[in-house]
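Enquirer: coords please:
(chains A and B)
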Number of protein chains: 2
Amino acid sequence: MSKIDQPKGHMTLPVEVGQEEVVLDLYKKWQADALRDSDGTSMPDSLAEQDSDIYSVMCLVRADQKYAYDNPQYLHRKYLMSFPVTAMCETVSISPLDGYSKDKYELDDDSDPKQWWEVRNRTTNQVINVEHWDVCAETNTVQVYQAVPYHEYTVTFLARQVWDSVSMYNALTNDWDGPRIRSLDPYHPECRSHLLNHFQTWLDEHPNTTVVRFTTFAFLFVIDTGEKNQDIYRDWTGYGETVSPRALDDFEKRFGYRLTPEDFVDAGYYNGTYKVPSQRYKDWMTFVQEFVVSFAAELVSMAHKAGKRTAMFQGDHWIGTEPFLESYQQIGLDINIGAVEDGVALRRLTDSGGDQVREARFYPYFFPDVFREGNDPVVESMSNWTKIRRAMLQKPLDRIGYGGYLSLANKFPHFIDHVTEVSQQFGDYLQHTQRTESQKVAGKVAVLSAWGKARSWLQNQARDQRFYVPPRPDVMELVGNNLLECLSGLPFEVEFISFDDIVENGIDDDIKIIINSGDANSAWSGGECWDNPDVLVAIRQFVAQGGGLLGVSDPSALQKNGRYFQLGDVFGLEKETSLTMGRVAMPVSVTGEHYLSQCLTGKEDFGNLSYVYPQADDLNVIVAQGQHLALTAKEYGEGRSVYLGNLPFTTENARLLQNILIWLGANDGQSQSWLSSNPEVDVAFYPDTSMATAVNFSSEPQKVTVIDHKGHEVSLSLESYEWRWLSAE
Amino acid sequence: MSKIDQPKGHMTLPVEVGQEEVVLDLYKKWQADALRDSDGTSMPDSLAEQDSDIYSVMCLVRADQKYAYDNPQYLHRKYLMSFPVTAMCETVSISPLDGYSKDKYELDDDSDPKQWWEVRNRTTNQVINVEHWDVCAETNTVQVYQAVPYHEYTVTFLARQVWDSVSMYNALTNDWDGPRIRSLDPYHPECRSHLLNHFQTWLDEHPNTTVVRFTTFAFLFVIDTGEKNQDIYRDWTGYGETVSPRALDDFEKRFGYRLTPEDFVDAGYYNGTYKVPSQRYKDWMTFVQEFVVSFAAELVSMAHKAGKRTAMFQGDHWIGTEPFLESYQQIGLDINIGAVEDGVALRRLTDSGGDQVREARFYPYFFPDVFREGNDPVVESMSNWTKIRRAMLQKPLDRIGYGGYLSLANKFPHFIDHVTEVSQQFGDYLQHTQRTESQKVAGKVAVLSAWGKARSWLQNQARDQRFYVPPRPDVMELVGNNLLECLSGLPFEVEFISFDDIVENGIDDDIKIIINSGDANSAWSGGECWDNPDVLVAIRQFVAQGGGLLGVSDPSALQKNGRYFQLGDVFGLEKETSLTMGRVAMPVSVTGEHYLSQCLTGKEDFGNLSYVYPQADDLNVIVAQGQHLALTAKEYGEGRSVYLGNLPFTTENARLLQNILIWLGANDGQSQSWLSSNPEVDVAFYPDTSMATAVNFSSEPQKVTVIDHKGHEVSLSLESYEWRWLSAE
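Expert: Reported below is the predicted structural model:
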């Protein structure tokens, strides 16, 4: 392997007009090697001629506003469901846009309502015959006739989006002025052709650009906006804004059946990513992916021909081009840039296939919401960085970067020093790891959900999250069960599998542990995917033959055949959902003898009460919260199962999860090298470079003793937040 | 009305052999007028000749043990489901009784398994053809052939009960010795005939008995007993122990279709009373009720012919003879005796139809579990009595009584004084109320559940209850939502209605408020009963035209047509069940302006978090717990709705409920006479006797000011626990 000896740098910095000196100062201090413009900034000429990579933002669908304003028929469209209206007599009048932003949406007058809209009685879920309703073009209302009093009615309609969500967000949140940006849908061949021409011109006009940084290719994430221009629904990974009559017609040709408006509005649930996806929605996703990949590949190819490399910012706009999809590699991108606020987000960046360079764009943005007087931006940054470092130990990361206004950051010298330190630590990491991977505990861990690989390392959003309003609602934060964050920094090979994978291909031989974690009804737990005996048989057999099964919150939850947890036999327990109140609640007997009992520090946080009770004599109750089971273990055939009520992210919980996975993988018999037992300290060993490392998560000094790969004890003392490297030949 | 001037007494006392002096002493002290024997005691001759009523216990189905032992074919039978067994190869061996008490159950060898049993694949829910399984009579096991590996199998079998549940309980809990009692099923004509003869002999042999106190007529409540003789399932109001092949055959003749074993074991849920009952189960209940009423009426008629009155103890054994059933009045009973530990239990006794005398049997029993050194039985008694007094103000009660060993009670002089005081207060109550009813606020309140009237004033058991193990698990206690206890002491006319009532007869004009309270999936909330547009239309119309709707916990909960709360439009909110995570959680804005806001004391307890969020702009949030709605109010048409997350019983919560019902009934505009605003003090006014009363729930002195019916202020100061009467002409 060729050694990176004198790296030029490893960070991408945002530029700012009029702040060239600040930029150049930080460029050196922070070991930058690339500059980028972004929404709201552009590249000063003096900087564009630096000896550095120049990333230039390209959001093609927003790039030609004149064309967008001239061609409303090519704007992004979406199906919206009107809010239900209760019939008070036999005629109901519905204004479809009531409750929605009039600044953002217009009724799409390019498509005939009688063909493309749908009126439903939501009380009976019946589609109303088109002869029983009419649209009044003057008042933009729908009249429904022969309605049933006290039934609810909705109109599902095509809305044209006349204000792009991101432009709207920046105008309303960051006080950006300027025109209201409109986004074009390149699915229309004329529009696509125009955009390709536009892009070619842009390439020609940007000779200094070395990297084209695509922030979106074709479609935006889903944000529904309410009457007061407030967000009312968000799905960062949803496919709701990809619809056009043309695409729907083509879908029918490709898949042999027609999608209906209801397939998109989904009774008002809009196919949220946390929902178990229907086959029809998955088909639509495939259809969109095929188009976006072909369009993106064309753009990338043009950039390559112009001698430029290409990057995709996968923070927001990745509809159709999610890096975990196999089709992603057909695009030919060179760099994946991920917005990274924690370990899960980092693994979402680092764990996908392909040999793209991985660049983490860190939070906070240098924006006034965080960089304001009286606030310390280091607090958020350090909270993120400690989580990210844990995950960096598991999979290689190549570059880092920031966004926003450097002039704002520069007002916080303490923050400048902090980033200098972060970048220094990152440089050491590159130096010592040489993009190799750290040692893992034997046996692959598979996380089972309805999405599988397609939604790898996506937050397992849970009920609790709705009721936690974080200070920055645009950043996904997680309360309640957060198993993935715990897992992101642990030394295990992890993959994400779906129920379809199991049904079609069985369970791979290299999988030693299966995790099913999430709230009931969610895509993460699996909902109706558990309504398949083949899945139950495969997992029971997997465990009986020596596998490990970890369930968190509502694993295998589906009310059927006398069980709420379909694998309640393997776990040895059941959840009370009001159907088994008569089963006598015997006092729970907690064991102190089990391997996992011995691992507890007493500082673990099991979150909310589980409402789960024992249903097997041989169940080991490790932790209970009153009568609620919080941590249990059971043998099943030659294998093992563990149930956890909840696993919020804390360092103690992460270490507990490590011990659970060691026990489930039957690795508890032998001592494991380079494993930390101190929850606050993570340790890793890189066999390819013979380097070991220890990183202190906490603000307190810590000690840790580990066994090295030769069986010797190694003891280390670490300062607050210290990241130490040591040679371990 | 004839005035009860010099009552002879109003209490039934248990007798005890060898303790005649104690009995006579307490008889006077406690103003008793009746004596009773009971399980485990019998009537001493000297007492039997007192000038008092003599209640004699009659449990006919347990009365002739020789006959029971000689005729196992007439013992009580029930369907049990074996615990599921996972097939590890293509033959599965199941011992049906594994996990069940061998002291209590035998396989019923009078009925052919191939005809009366059922084997199921529980993974696919398929019935296994009888040709694919066999019973081995020697080992009492079932062999299932051609099984699918890793599928689960069960055998549903008829078990014969060779030890009565009550006898078993007393033997194991109270160390009673003596033979194991067996219970007979009088459904068999030969057995019925024998028992009638036995009863006639008994009547002849008990000349001193003035009241036959039936503790059961035919069938027991359901208790399933486990391997270690522990209770594993209880349903005090379940019909699970009423089965025989003969009855099943007759059911088919009566209803025109056949019940299957699965109708009884219900996938292991056993039709628990907290579950929404199926039509098939309700038909079976009707069938059993018809039989038990006819049998009981025959027994009562025989007692009457012998010159005796009759009583039924409705604490435990009331299968088929529940007093809220209209058929109950056909039996001809004279006295209803209820086991009463709180206000709900008292209303269950006092609110049923008919002119029976109502006698409350109080807790605690004089048994060693409570009457032991170091324990103060007054604590439990006072906790009960304060709740019962509230409810007594609402409906008339005629008599009180106790059970157990007076000699035990007599060791606690403090308790003797306490009961003397209780009885004195009860005597005053009789004197001042003359069995009349207190004044109510205008407008009837209807509690809507799947059971309706048939299960009036039954505890709304909730998920929380499983996870609360009370000190005395034989006494129903309730944590979490306990709206009924709050309601039991409030001055409103209350009735219980079912969804069938609404569908068949609409909503009565005199109903002003409907309450739907309970956990999702439960009979109390209604589960699949909400899957009926007619119900939704009826309630929407009821509210729109001026009615009030109160929902507690999971009102109208059923996942369908885009809603979890089917009446979420009327309430203006929705529950997060993992399907709407993308809906943006806006900060909840609590109003201080609403009528209900002004009623709050700040000491209310809203129990667990609701996971409910706003979905209407005009929703008034009165109380939130973080982002979780705890109390909201909304207008809907001309009517009003209120949502409560939970309502545990506290005096503050009861007063809050009073205010909610006043607002929902649109009675907030005018001042209400004789309504207490002090949560610790309940006030009532009896128009027929022109008496008013105030009772202090608390151990502290309290003051209260009320407006009398003439509009004058009345101020009262009450000592700790004081119950005051005042003339109010």
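
Enquirer: what about the stretch 1-150 of chain A, any weak spots by pLDDT?
Expert: For the stretch 1-150 of chain A, applying pLDDT under 70 flags the ranges A:1-7, A:38-42, A:48-50.

Enquirer: Could you rerun that using 90?
Expert: A:1-8, A:15-24, A:37-52, A:109-110, A:137-138 (pLDDT under 90).

Enquirer: So which bits of it are right by chain B?
Expert: The stretch 1-150 of chain A comes close to chain B at residues A:84, A:86, A:88, A:122, A:123, A:124, A:125, A:148, A:149, A:150, as judged by CB under 8 Å from any CB of the partner chain. From N, CA and C alone the C-beta is placed, and that goes for glycine too.

Enquirer: Do I have it right that the first one meets residue A:122?
Expert: Just to be clear, that refers to residue A:84. Yes. Judged on CB atoms under 8 Å, residue A:84 makes contact with residue A:122 at a distance of 5.3 Å.

Enquirer: Find residues that contact each of those two.
Expert: Residues touching both residue A:84 and residue A:122 (CB atoms under 8 Å, 6 or more residues apart in numbering or on different chains) are A:152, A:153, A:154, B:562.

Enquirer: so what's the first one up against?
Expert: Under the criterion of CB under 8 Å, 6+ apart, the contact list for residue A:152 reads A:84, A:85, A:86, A:87, A:121, A:122, A:123, B:569.

Enquirer: With the last one instead?
Expert: Residue B:562 makes contact with A:84, A:122, A:267, A:268, A:269 under the criterion CB under 8 Å, 6+ apart.

Enquirer: ok, and for stretch A:179-190, which residues are buried?
Expert: For stretch A:179-190, a neighbour-count test (16 or more other CB atoms under 10 Å in any protein chain shown) marks A:181, A:182, A:183, A:184, A:185, A:186, A:187, A:188 as buried.

Enquirer: Shouldn't residue A:570 be within a helix?
Expert: Yes. The assignment for residue A:570 is a helix, going by DSSP: H, G, I helix; E, B strand; the rest coil.

Enquirer: Identify the residue nearest residue A:332 in space, chain neighbours excluded?
Expert: residue A:300 (4.6 Å; CB to CB, 6 or more residues apart in numbering or on different chains).

Enquirer: Check which helix or strand the one you found maps to.
Expert: Here residue A:300, judged by DSSP states H and E, is contained in helix A:279-305.

Enquirer: Which among the contacts of residue A:152 count as buried?
Expert: Among the contacts of residue A:152, those classed as buried by 16+ other CB under 10 Å are A:84, A:85, A:86, A:87, A:121, A:122, A:123, B:569.

Enquirer: now the helices for the stretch 101-250 of chain A?
Expert: Applying DSSP state H, counting those that start in this stretch to the stretch 101-250 of chain A gives helices spanning A:113-116, A:165-173, A:189-205, A:245-255.

Enquirer: what's the least confident stretch among the ones you listed?
Expert: Ranked by mean pLDDT, those bottom out at helix A:165-173, which scores a mean of 87.

Enquirer: What is the neighbour count of the residue of the stretch 101-250 of chain A found nearest chain B?
Expert: Minimum separation of the stretch 101-250 of chain A from chain B (CB to the nearest CB) falls at residue A:150, amounting to 4.1 Å. Neighbouring residues of residue A:150 were enumerated by other CB atoms under 10 Å in any protein chain shown; the total is 22.

Enquirer: for the one 4 residues further on, same thing?
Expert: By the other CB under 10 Å criterion, the neighbourhood of residue A:154 contains 27 residues.

Enquirer: which ones are touching it?
Expert: Counting by CB under 8 Å, 6+ apart, residue A:154 makes contact with A:81, A:82, A:83, A:84, A:85, A:94, A:119, A:120, A:122, A:268.

Enquirer: ok, and the most crowded of these?
Expert: residue A:119 (27 neighbours).

Enquirer: What residue, apart from its backbone neighbours, is nearest it spatially?
Expert: Nearest non-adjacent residue to residue A:119 (CB to CB, 6+ apart): residue A:128, at 4.2 Å.

Enquirer: one step back: which of the buried residues of stretch A:179-190 fall in strands?
Expert: Among these, no residue falls in strands (DSSP state E).

Enquirer: Need the residues you listed in a markdown table (columns: distance to residue B:33 and pLDDT).
Expert: Listed next are the buried residues of stretch A:179-190 as a markdown table, based on distance: CB to CB, whole Å; pLDDT from 0 to 100:
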| residue | distance to residue B:33 | pLDDT |
| --- | --- | --- |
| A:181 | 89 | 95 |
| A:182 | 89 | 97 |
| A:183 | 87 | 96 |
| A:184 | 92 | 97 |
| A:185 | 89 | 97 |
| A:186 | 93 | 97 |
| A:187 | 90 | 98 |
| A:188 | 93 | 97 |
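
Enquirer: Would you mind checking which of those is nearest to residue A:422?
Expert: Closest approach to residue A:422 among the buried residues of stretch A:179-190 (CB to CB): residue A:181, at 33.0 Å.
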